[in-house]
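Visitor: missing the sequence, but the structure's below:
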Ligand code: XMP
């Protein structure tokens with residue numbers, strides 16, 4: 001029987017023991033997990049920690065700004081903000097295979113952290129917000145023989161040449177526990193309550209090739225969908241809701257014109273740990289209103305569909 005206050009105290013002690021007088025670099029992804037890990041580690045070792053926020057240009061609308069203001073404004077934790085969107089989009093050009101996308105993004109993160117570590121005169125540790133389900137799912141689906149479903153960008157260790165050890169204080173926790181710990185550490189409710197967002201970001205919500213134009217289209221549509229969910233008071237009842245921009249164009253009609261544009265899929269699921277999930281049963285009128293808004297307001301989309309697949313057999317993300 002332990003409380004989050006005890007967990008916090010125990011982890012702070014463990015982090016101090018592991019790190020000693022070493023330097024730690026922590027990658028922030030924009031999500032809750034890495035933010036909670038960073039705040040906890042900062043509490044343990046203060047200025048020995050350098051936080052690096054790599055903006056890969058694959059964030060949701062306004063997300064990068066929210067992270068920067070949380071760290072600089074709320075906590076006053078120093079933050080290195082790396083704008084690497086050109087590098088990521090450049091590297092993703094022509095890449096369509098889901099695992100190839102994940103592997104490229106994972107490696108690019110590590111390379112950038114390594115470069116930032118050099119700038120501060122070297123770091124001994126890399127901190128990450130890896131959770132228990134990330135560890136399990138990257139190894140196998142249900143604990144059975146090892147079959148990789150998806151390579152989570154923050155699991156799988158570091159290249160040997162790096163000579164850095166991992167600090168992963170959340171490795172035993174599930175999402176709801178991380179949220180409780182985040183509250184315990186004083187993170188604002190709106191931040192702690194945010195839906196999970198995968199490290200590879202919008203890249204894995206754009207099946208096929210990821211381009212700047214497709215990212216922009218998806219970001220706009222996703223923001224409208226989430227705004228409608230919030231306005232309807234449904235945000236907290238849903239584990240995760242997001243849009244996926246499909247590499248399929250269909251024919252439509254707008255006024256007197258024929259259109260030939262992209263299809264957008266909407267997904268929303270309930271879950272307790274992300275390992276299994278059920279679809280969220282929106283009312284048809286709600287989905288229809290969202291579809292109308294998106295088609296009217298987002299150039300490049302002329303059809304919206306809803307994903308009715310639970311997990312299993314589907315995964316939550318499409319790639
Ligand atoms: P899947 O798609 O595997 O997702 O059913 C389960 C949960 O994990 C999130 N997810 C990730 N989180 N890095 C992360 O930090 C990743 O590479 C990653 N891939 C999936 C997903 O959004 C869902 O909440």
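Guide: Structure's in. What do you need? This is a predicted model, so every value here is computed, not measured.

Visitor: show me the contact partners of stretch 303-310.
Guide: 244, 250, 252, 261-267, 269, 276-279, 282, 287, 290-291, 294-295, 314 (CB atoms under 8 Å, 6 or more residues apart in numbering). The way it works is simple: take the backbone N, C-alpha and C, and place the C-beta from them, glycine included.

Visitor: now do stretch 129-136, average pLDDT.
Guide: The average pLDDT within stretch 129-136 is 89.

Visitor: quick one: that stretch to chain centroid distance?
Guide: Mean-position distance between stretch 129-136 and its chain equals 13 Å (CA atoms, centre = their mean, to the nearest Å).

Visitor: and that stretch, what's buried?
Guide: For stretch 129-136, the buried set under the neighbour-count rule, 16 or more other CB atoms under 10 Å, comprises 129-135.

Visitor: between those, which is closest to residue 6?
Guide: residue 132 (18.1 Å; CB to CB).

Visitor: look up phi and psi at that closest one.
Guide: phi -60, psi -50 (degrees, to the nearest 10).

Visitor: try residue 264
Guide: Torsion angles at residue 264 (phi, psi; degrees, to the nearest 10) stand at phi -110, psi 130.

Visitor: would you quantify the distance from it to residue 318?
Guide: Separation of residue 264 from residue 318 (CB to CB, to the nearest Å) stands at 12 Å.

Visitor: of these two, who's got more company?
Guide: residue 264 (25 against 18; other CB atoms under 10 Å).

Visitor: which residues touch the more buried one?
Guide: 218, 221, 243-246, 294, 298, 301, 303-305.

Visitor: next: residue 213.
Guide: Applying CB under 8 Å, 6+ apart, the residues near residue 213 are residue 300.

Visitor: am I right that it falls within a strand?
Guide: No: per DSSP: H, G, I helix; E, B strand; the rest coil, residue 213 lies outside any strand segment and is helix.

Visitor: the stretch 101-250 of the chain against the ligand: which residues are in contact?
Guide: Proximity of the stretch 101-250 of the chain to the ligand, by CB under 6 Å from any ligand atom, involves residues 137, 150, 152-154, 196, 198-200, 240.

Visitor: any chance of TSV for these, columns secondary structure?
Guide: Converted to TSV, these look like this (three-state DSSP):
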residue	secondary structure
137	helix
150	coil
152	coil
153	coil
154	coil
196	coil
198	coil
199	coil
200	coil
240	strand
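
Visitor: ok, so of the residues you listed, who is nearest residue 90?
Guide: Residue 90 lies nearest to residue 200 out of those, by CB to CB, at 15.6 Å.

Visitor: so the residue lying closest to that closest one once chain neighbours are set aside is in which element?
Guide: In space, residue 200 comes closest to residue 105 once its chain neighbours are excluded; the distance is 4.5 Å by CB to CB, 6 or more residues apart in numbering. Using DSSP states H and E, residue 105 maps to helix 98-119.

Visitor: before we move on, the earlier item: are any of the contacts of stretch 303-310 buried, and if so which?
Guide: For the contacts of stretch 303-310, buried by 16+ other CB under 10 Å: 244, 261-267, 269, 277, 279, 282, 287, 290-291, 294-295.

Visitor: which ones among the residues you listed are found in helices?
Guide: 287, 290-291, 294-295 (DSSP state H).

Visitor: poorly predicted segments of this structure, please.
Guide: 1-2, 138-147, 153-157 (pLDDT under 70).

Visitor: ok, which stretches of it are strands?
Guide: 24-28, 49-55, 79-83, 125-127, 165-167, 240-254, 257-270, 278-279, 301-306 (DSSP state E).

Visitor: a markdown table please, covering those strands and showing distance to residue 64.
Guide: Below are the strands of the chain laid out as a markdown table (distance: least, CB to CB, whole Å):
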| stretch | distance to residue 64 |
| --- | --- |
| strand 24-28 | 10 |
| strand 49-55 | 5 |
| strand 79-83 | 8 |
| strand 125-127 | 20 |
| strand 165-167 | 24 |
| strand 240-254 | 17 |
| strand 257-270 | 23 |
| strand 278-279 | 30 |
| strand 301-306 | 23 |
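
Visitor: count the neighbours of residue 25 for me.
Guide: When neighbours are counted by other CB under 10 Å, residue 25 registers 23.

Visitor: relative to residue 110, how far out is it?
Guide: From residue 25 to residue 110 the distance is 11 Å (CB to CB).

Visitor: list the contacts for the closest residue to residue 220 other than its chain neighbours?
Guide: Computed as CB to CB, 6+ apart, the closest residue to residue 220 that is not its neighbour in sequence is residue 298, at 4.8 Å. Neighbour list for residue 298: 217, 220-221, 224, 264 [criterion: CB under 8 Å, 6+ apart].

Visitor: again with residue 261
Guide: For residue 261, the contacting residues are 249-250, 252, 300-303, by CB under 8 Å, 6+ apart.
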